[in-house]
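>>> sequence first, then the predicted structure, then my questions.
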Amino acid sequence: MVLGAGLSSEPADPSWRALMRSAAARKSEPMSLHPYVVQTEGVCGGSARIRDSRIPVRTIAEYLRSGESRADLLHLYPHVEPAAIDDAIGYYVDHQQEIEAEIEANMLDAVLADTGGVLGADGVIRFPRRPR
């Protein structure tokens, strides 16, 4: 198809077809609905966290559940962009069952049961000695 004065709808370089086939063959990554939330194996136990931090989304969720406001969170984490706090809240809303399970798994009773630790009357957690 000629568009006028020597212009056509196809690029002059015939290799454009190979580039298009190559691009179509690659599996594209879907755009994240939560760009400020990441999961990295070995960081925060692989839990969802705010990008460039070690603040798990479950921590944000726990603050919200205890009655803290968005403004309180922004004051508590002044080094975190407001959009990142908003995104963590959005992630919690979108993945509430997952985050609630993480909160439950990280409750003191669950951690003590997992590790064999015992909370003493003095408030100190003690762990059984390992045989040497």
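Arrived safely.
>>> do a quick rundown of the helices in the protein.
16-25, 57-65, 70-76, 82-94, 96-105, 108-115 (DSSP state H).
>>> Gly42 is nearest to which of these?
Gly42 sits nearest to helix 96-105 of all the helices of the chain, at 16.1 Å, using C-beta to C-beta. For every residue, glycine as well, the C-beta is placed using N, CA and C.
>>> contacting residues around the closest one?
The set of residues that contact helix 96-105 without belonging to it, under C-beta atoms under 8 Å, 6 or more residues apart in numbering, is Ser47, Ala48, Pro56, Val57, Arg58, Ala61, Glu62, Arg65, Tyr91, Tyr92, Ala110.
>>> apply 10 Å and report the result again.
Under the criterion C-beta atoms under 10 Å, 6 or more residues apart in numbering, residues 44-45, 47-48, 56-62, 65, 88, 91-93, 95, 110-111, 114 lie in contact with helix 96-105.
>>> try stretch 77-93
By C-beta under 10 Å, 6+ apart, the list of residues contacting stretch 77-93 reads 32-37, 48-53, 55-65, 70-71, 73-74, 76, 98-100, 103.
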